[in-house]
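Novice: pasted the sequence and its predicted model underneath.
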Amino acid sequence: MSSPALTRFAAAASLALLLTACAGARPSASDVSPTSPGANAVSTSSPSIVAPPTVPAATDQAVPTTPPSQSANFLAGLRYSCGGADFPIEIFDVPERAEDSSDPPAAVLRGDLMLFGTATWWLIHRAPTTAEYVGKNQYGTYWDLVAEIQNGSWRATGYGDCMMRAVVPDATVATWWIRTADWPSSDDRTLRATVRDECPKTVAERMLDPIVRSDASRIVIILSTEPVPTPHPHCGYTSPKEQLARVTIHLDEPVGDRDLFDGETQPLRNAHTPSDPIAWCCG
């Protein structure tokens, strides 16, 4: 593991916390409809997100809660990435054990990398000279590995802790949570969320339809926005307070006693717990 070719081992583990989560100044309230939904949106009627009043008003309609997936995994169809290739989250429903494969790059998985205690691997991308895998060890930690042909042999050219993030095509996935003061009661159909966005003054104009998945015990929501053209006068990380905005999400059924989760990361993040911002890029 000491080969200089293993360039990504520490990269994912040393991702810096860029901002401190803090309560943003609350803008005044005005309704904003989302733009066209992303490819993974599961809405069955015309949903909307209500945002604060620094943006034009629009229609306020309900965001339906999707019934449980027919798959064993109620998140089936959602896509995640460790920073490289993206993959459907339900691949983890069944162990693939790619380390036992006769495919030549799989031999890399049977080497010294077992020091991570990885129990099983899944192949998520394969090309003639590269292969990418995601692994999960007995402690529930996910790992990412890229193997490439170098000097005629397959070698691990990058591996490390996988900080798995949701992928919505042609969109930016936003972090959100619900403040303690805004936590809904069991009969509420409205969620008042705090959204961390690079350009909060424009967030309401760029919101896409929420991706909402639920089962008997959980409601998972992924919020995404249209990407911001650069340069833009309202973007940047100069002031942490300026990175927070309030939006309101409407559900078509009560929250009940189900837990609420932000589906931006996997494992899922409890929406009652603010989190520090995560630096994550393209691997």
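Specialist: Perfect, thanks for sending it. From a predicted model like this one, the values you see are computed outputs, not experimental measurements.
Novice: CA atoms for contacts and neighbours, from now on please.
Specialist: Will do.
Novice: for stretch 217-235, buried residues please.
Specialist: Arg218, Ile219, Val220, Ile221, Ile222, Leu223, Ser224, Thr225, Glu226, Val228, Cys235 (16 or more other Cα atoms under 10 Å).
Novice: pull the residues that contact that stretch.
Specialist: Residues from elsewhere that reach stretch 217-235, judged by Cα atoms under 8 Å, 6 or more residues apart in numbering: 166, 168, 170-176, 198-203, 206-214, 255, 257-264.
Novice: if we can go back for a sec, could I get the buried residues of stretch 217-235 as a markdown table with secondary structure and pLDDT?
Specialist: Below are those laid out as a markdown table (DSSP: H, G, I helix; E, B strand; the rest coil; pLDDT from 0 to 100):
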| residue | secondary structure | pLDDT |
| --- | --- | --- |
| Arg218 | strand | 94 |
| Ile219 | strand | 95 |
| Val220 | strand | 95 |
| Ile221 | strand | 95 |
| Ile222 | strand | 96 |
| Leu223 | strand | 95 |
| Ser224 | strand | 94 |
| Thr225 | strand | 93 |
| Glu226 | coil | 93 |
| Val228 | coil | 85 |
| Cys235 | coil | 77 |
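Novice: how about the residues you listed, which pair is most distant?
Specialist: Pairwise distances across the buried residues of stretch 217-235 peak at 33.3 Å for Arg218 and Cys235 (criterion: Cα to Cα).
Novice: thinking again about what came up before, so which of the contacts of stretch 217-235 are in strands?
Specialist: Of the contacts of stretch 217-235, the ones assigned to strands by DSSP state E are 166, 172-176, 211-214, 259-262.
Novice: please parse the protein into its domains.
Specialist: Following automatic domain parsing, one gets these domains for the chain: 30-77+168-270, 83-162.
Novice: re earlier: ranking by neighbours, what's the top pick from the ones in strands among the contacts of stretch 217-235?
Specialist: Within those, Trp176 tops the neighbour count with 29 neighbours, counted by other Cα atoms under 10 Å.
Novice: how about the strands in the stretch 101-250 of the chain?
Specialist: Here the stretch 101-250 of the chain has its strands, by DSSP state E, counting those that start in this stretch, at 118-126, 130-137, 142-150, 153-161, 164-167, 172-177, 190-196, 211-214, 218-225, 244-250.
Novice: give the other helices and strands that the second one contacts.
Specialist: Packing contacts for strand 130-137, counted by 3 or more Cα pairs under 8 Å, 6 or more residues apart in numbering; DSSP states H and E, involve strand 118-126, strand 142-150.
Novice: could you tell me the least trusted of these?
Specialist: Here the lowest mean pLDDT among these goes to strand 118-126, at a mean of 89.
Novice: what's the closest of the strands of the stretch 101-250 of the chain to Ser81?
Specialist: Ser81 lies closest to strand 164-167 among those, at 5.4 Å (Cα to Cα).
Novice: from Glu205, how far out is the closest residue in space to Cys199 that isn't next to it in sequence?
Specialist: Excluding its sequence neighbours, the residue lying closest to Cys199 (Cα to Cα, 6 or more residues apart in numbering) is Cys235, at 4.5 Å. In this view, Cys235 and Glu205 are 14 Å apart by Cα to Cα, to the nearest Å.
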